[in-house]
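>>> quick one: sequence and predicted model below, then my questions.
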Amino acid sequence: MSGPLERLLASKEIAVCCGSGGVGKTTTAAAMGAMAASRLDGKVLVLTVDPARRLASALGLAQFGNTETQVGPEVLAAAGLAGRGELWVAMLDTKQSWDDLIRRHAPDDHTRDAILANSLYANLTSRFVQSHDYIAMERLHEIHTSGRYDLVVVDTPPSRNALDLLDAPGRMVEFFGSRLLRWLTVPYRSKIMTFASRPFTQIADRILGSQFLGDIAEFFTLLQTMEKGFVERAGEVSRLLADRRTTFVVVSTLEPAPAHEAAFFVQALAERHLSLGAVVLNKVLPPWLVDRDVAAAAELIAGRAVELAEGPLAGLGDPATTALVLAESAAALFNLALVAKREAEQRAELAGVSDIVVTVPQLPGDVHDLAGVAALGEQLWR
Amino acid sequence: MAASQGRRTLICEIDAKGDVAAAFETPPLAFTAREVLPGLSAMVMGTEESLKEYIALQLRVPLVARVGPLARTFDFVASAAPGVKEILTVGKLCWEVKERHYDLVVVDASASGHVVAQLAAPDTIARLVHVGVVRGQTTWMREILHDPDRTGAVVVTNPEEMPVAETLELATRLREQTSVDLAAVIVNRVLPELFARGEEERFVALHGPDALAALVAQAGPAAARVLDAAALAVALRRERAVHLAHLRAALAPTVPLLYVPEQFARLAGRRTVAKVADALAEELS
C-alpha cells in the first residue's frame, strides 16, 4: 500500500515546495526527491532556487552550481536509498542562467554581446534579488522541456518571495507591453520627445542622471529585440505552472508564524488556480503530550514529589534529589504540552486545506546527511 | 526595550506580513508610523508610498501632476529594475535616521537571502549612477549605513542546524558584500538545562523497573510519559546546545551572542514581547 505523497509524486512531473524559512523546506524537497528516485525508479532532479545554499549542506555536497550533478548511487545506497532511480541536484546560479537565456533569445551576436556587456544588465542579474524569480521559473521550464527527468522537485525561497515567483512570468509579459518600457527607450527610438513622455523623462533625468538613463535605455532597447521570444516563453512558463503535471507542496511547521504563512500561501495558490498537492507538517511534537491522563499523572507527580521520593522511591537515594527530578520532569511535560496544544490548534486550522496532509514527527537529531534525508523520506512516504 | 529606556524608537516591518502588529496586539499598521507603546512607533514599508514621499521631499515637484502616471507604472519599474525597490526601502529608513525623528530605528528585515542586496543597494546604485540627485542621495545613505556607531545588523536565529548555517553565511556575506557592521547575533528559543549535575543519574535511575513500577502504581500508567517528556526536553536541549557551540566557535569572537530562552506561552503577543525584552536586557547587562 503506497502512501498519499508517493501516489501524488508518481503522477506528477514537477513538485514545487513552498513555505517559510526554517521549516525544513529544503530538506523536505531533498527527501521527496530522494524517495522518488529510490522508490519510483525514476530520474529525479532536486532544484534549489534559494539564494542561501541550504540544499548543498543538507545533501553533503559542498558546492554545486548551475550544473546538474548526480548524487552517487553508492552514496544513496549507503544511506539506505538504493534503487534503480537516479537522484540529481542543481542550484540556480542566477547570473549564469540569465546569460544562457540571453544567448538563446538574442537575434544576433551584436545584440547578445551588447547586452552581456551592459553595466545595468550585469548588476540586474547578479545583485538584485527579484531577478531570481523569473529566471527560476524559466530554468524550471527549460529543464522540464528537455525531458531529461521524470520528476523535478523545486525548492523555493520563503513564501512571500514564492508569490513573486508565481507571478514573475506574468509580470514579464506585462512589462514588455508597458508604457514604461516605451518611455525608458524613448531616447533611443527617437530624438524628439513626445509630449507624454517628457515629464517622466525630466523627472527621471533629475533623479538618475543622464548617463544611467542612457544605460537603461540601451538595455531595454536591446531587450525589446527579444520581446517575442521572452513573451512567448513567459507564457509557456505560466502554463507549465498551471499544468496538471505540476503540483505544489506547502511545507510548514506548526509554529504560529510559519503556519500562518502556509495558510496564506494555500490561499494564494487557490486564487491563481494552481494545484495544491499536499501539505507537509514538519517537526510536530508527539500527540501524547496533550493526553489528559498524562497531564493528570504529571499533576500528581508534581504535587506529591516529596512524598513519592521519601516513600515508594526511597530506594533510589537521597529523597531531595529524587523529588527535584520528579518536579522538573513534570514541569517539562507542562511546558511541552503547552507547545503541543498550540500546535494542535494550528494543525486543525491547516488540516482542511488539502486532501493530503503529511505529518512528520520531531525526529531525533537534525537532518544533516543523506541518512537523515532518508529517515525523513520514510516518514513522508507513510 | 529601547522605548522603555526612554529612547524614541521606530520599528519598521519590511515584508508586510502583520507580524509586528500581532506582536503588539494592535490593528494592522501602515506606512505612516503610529505609536503602539509609549515612545515606540511602528510602520510597515511600502515602496510605492516611499517613492511618493521621496519625490515630495527630495525633488519638490508638484505632486499631483506627476505621481499619477508614476504610481501606475511603478510596479513595472520595480519588477524591471528591482534595485528601485531596495533603494526606496533603505532610503526611507536612512531618511528617518538622518532627520533624527527617532533615536533608534529597528528594522524587521527581509529573509536572509535578500537583506544583503537591500543593504548593498546604495553601493550598487553608486557604482551604476555617476551623477544626478540619486548619486548624491546614496552618499549620505552610505555614510549612515557604513558607520558602525549608527548602523548595525542584528542577526536573529534559532539553535538549529540550518538557521545556524544561514547565520554564518549571512555574517560572511555582510562582511564581503556590504560595509554594514554585524552588531550582534541573537539566538532565540534557547532551552534551559533541565537537570543539574547529579540529577541526570537520578532521572536515569527512575527508569529502572522497580522505580518505574512504583511510580506507575502511584500516578497511573501515564506516569511513564511524564518521564518521556523530560527525556524529550533533554534531547531537544542537547541538540540545540551542539548548534549553539558551533555558532559561537565559527562566529568572530568580537560579535556578541545573546540568548533568549524558549517562551512556553500559548500565544505570541505583548506578554511574549515583554518577556523577550527582559531576557535581552539581562543578556546586555
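That came through, no problem.
>>> next one: the longest strand anywhere in chain A to chain centre, how far?
Ranked by residue count under DSSP state E, the longest strand found in chain A is strand A:276-284. Put simply, strand A:276-284 sits 13 Å off its chain's centre (Cα atoms, centre = their mean, to the nearest Å).
>>> kindly report the same for stretch B:94-102.
The chain centre lies 20 Å from the centre of stretch B:94-102; the measure is Cα atoms, centre = their mean.
>>> which parts of that stretch are buried?
For stretch B:94-102, burial by neighbour count (16 or more other Cβ atoms under 10 Å in any protein chain shown) applies to B:94, B:95, B:96, B:97, B:102. C-beta: built from backbone N, CA, C; applies to glycine.
>>> from the residues you listed, which is closest to chain A?
residue B:95 (15.1 Å; Cβ to the nearest Cβ).
>>> quick one on the thing from earlier: from the contact counts, what lies against the helix or strand just after the longest strand of chain A?
Following strand A:276-284 in sequence order, the next helix or strand is helix A:292-303 (DSSP states H and E). Judged by 3 or more Cβ pairs under 8 Å, 6 or more residues apart in numbering or on different chains; DSSP states H and E, helix A:292-303 is in contact with helix A:319-351, helix B:209-219, helix B:223-250.
>>> among these, which comes closest to residue A:241?
Among the helices and strands packed on helix A:292-303, the nearest to residue A:241 by Cβ to Cβ is helix A:319-351 (22.5 Å).
>>> the helix or strand that the closest one is followed by: partners in the sheet, and parallel or antiparallel?
Going down the chain from helix A:319-351, the next helix or strand is strand A:357-361, by DSSP H and E. Using DSSP bridges, the strands paired with strand A:357-361 in its sheet are strand A:276-284 (parallel).
>>> could you give the mean pLDDT of the strand it pairs with?
Across strand A:276-284, pLDDT averages out at 92.
>>> give me the residues contacting it.
A:4-5, A:8, A:12, A:15, A:23-24, A:28, A:247-254, A:262, A:266, A:269-270, A:343, A:347, A:350, A:353-354, A:356-363, A:380 (Cβ atoms under 8 Å, 6 or more residues apart in numbering or on different chains).
>>> pretty sure residue B:254 is in a helix, no?
No: the assignment for residue B:254 (DSSP: H, G, I helix; E, B strand; the rest coil) gives coil, which keeps it out of a helix.
>>> can you pull the contacts of it?
Per Cβ under 8 Å, 6+ apart, neighbours of residue B:254: none.
>>> can you rerun that using 10 Å?
Counting by Cβ atoms under 10 Å, 6 or more residues apart in numbering or on different chains, residue B:254 touches residue B:182.
>>> gap between it and residue B:146?
Distance, residue B:254 to residue B:146, by Cβ to Cβ, to the nearest Å: 17 Å.
>>> quick one: the strands in chain B?
With DSSP E as the criterion, chain B has strands at B:9-13, B:34-37, B:40-44, B:104-108, B:152-157, B:181-190, B:257-261.
>>> quick one, which of these is nearest to residue B:223?
Closest approach to residue B:223 among the strands of chain B (Cβ to Cβ): strand B:257-261, 27.2 Å.
>>> quick one: buried residues of that closest one?
Result for strand B:257-261 [16+ other Cβ under 10 Å]: buried residues B:258, B:259, B:260.
>>> mind putting those in JSON lines, distance to residue B:38 included?
Output for the buried residues of strand B:257-261, formatted as JSON lines (distance: Cβ to Cβ, whole Å):
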{"residue": "B:258", "distance to residue B:38": "24"}
{"residue": "B:259", "distance to residue B:38": "28"}
{"residue": "B:260", "distance to residue B:38": "23"}
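>>> out of these, who's nearest residue B:248?
residue B:259 (10.4 Å).
>>> for the residue nearest the centre of chain A, give me the pLDDT.
With distances taken as Cα atoms, centre = their mean, residue A:156 lies nearest the centre of chain A, 2.4 Å away. You'll see residue A:156 listed with a pLDDT of 80.
>>> for residue A:55, same thing?
56.
>>> residue A:300 too?
Note for residue A:300: predicted pLDDT of 92.
>>> and it, what is it in contact with?
If you count contacts by Cβ under 10 Å, 6+ apart, residue A:300 has them with A:308, A:330, B:215, B:218, B:219, B:220, B:222, B:223, B:226.
>>> equivalent analysis for residue A:122, please.
Counted by Cβ under 10 Å, 6+ apart, residue A:122 has contacts A:95, A:98, A:99, A:115, A:116, B:128.
>>> 7 Å instead, please
Residues near residue A:122 by Cβ atoms under 7 Å, 6 or more residues apart in numbering or on different chains: none.
>>> how about the residue of chain A most remote from its centre, phi and psi?
When distances to the mean C-alpha position of chain A are computed (Cα atoms, centre = their mean), the maximum falls on residue A:311, with 55.5 Å. Backbone torsions of residue A:311, given as degrees, to the nearest 10, read phi -100, psi -100.
>>> roughly how far apart are it and chain B?
Using Cβ to the nearest Cβ, to the nearest Å, we find residue A:311 at a distance of 8 Å from chain B.
>>> pLDDT value on that residue, please?
Reported pLDDT at residue A:311 in the predicted model: 87.
>>> try residue B:162
Looking at residue B:162, its pLDDT stands at 74.
>>> residues near it, how many?
By the measure other Cβ atoms under 10 Å in any protein chain shown, the count of residues near residue B:162 is 24.
>>> filter the contacts of strand A:276-284 to the buried ones?
Buried members of these, counted by 16+ other Cβ under 10 Å: A:4-5, A:8, A:12, A:15, A:23-24, A:28, A:247-254, A:262, A:266, A:269, A:343, A:347, A:350, A:353-354, A:356-360, A:380.
>>> circling back to that earlier point, export the buried residues of strand B:257-261 to CSV and tack on pLDDT and distance to chain A?
Formatted as CSV, those follow (pLDDT from 0 to 100; distance: Cβ to the nearest Cβ, whole Å):
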residue, pLDDT, distance to chain A
B:258, 91, 19
B:259, 90, 17
B:260, 89, 15
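>>> could you list the low-pLDDT ranges of the chain?
Using chain A. A:1, A:49-65, A:123-132, A:157-163, A:178-213, A:364-368 (pLDDT under 70).
>>> other chain: chain B
Counting by pLDDT under 70, chain B has low-confidence residues at B:16-18, B:55-85, B:111-113, B:130-134, B:265-268.
>>> go again with 80.
B:1-6, B:15-19, B:46-88, B:109-114, B:117-118, B:124-137, B:161-162, B:264-269, B:285 (pLDDT under 80).
>>> give the residue farthest from the middle of it.
In chain B, the residue that sits farthest from the middle, by Cα atoms, centre = their mean, is residue B:210; the gap is 49.9 Å.
>>> just to revisit the earlier point, out of the strands of chain B, nearest to residue A:47?
Closest to residue A:47 of those, according to Cβ to Cβ: strand B:152-157, at 25.9 Å.
>>> report the buried residues of that closest one.
Using 16+ other Cβ under 10 Å as the test for burial, strand B:152-157 gives B:153, B:155, B:156, B:157.
>>> again with stretch B:226-235
For stretch B:226-235, by 16+ other Cβ under 10 Å, it's B:226, B:227, B:228, B:229, B:230, B:231, B:232, B:233, B:234.
>>> residues contacting the closest residue in space to the last one that isn't next to it in sequence?
By that I understand residue B:234. Leaving aside its sequence neighbours, residue B:234 sits nearest to residue B:194 (Cβ to Cβ, 6 or more residues apart in numbering or on different chains; 5.4 Å). Residue B:194 makes contacts with A:328, A:332, B:230, B:233, B:234, B:237, as judged by Cβ under 7 Å, 6+ apart.
>>> state the pair within those that is farthest apart.
Largest separation among the contacts of residue B:194 by Cβ to Cβ: A:328 and B:237, giving 12.2 Å.
>>> quick one: the helices in the stretch 51-200 of chain B, in order.
Remark: helices assigned in the stretch 51-200 of chain B by DSSP state H, counting those that start in this stretch are B:63-80, B:83-98, B:112-128, B:133-146, B:161-177, B:199-206.
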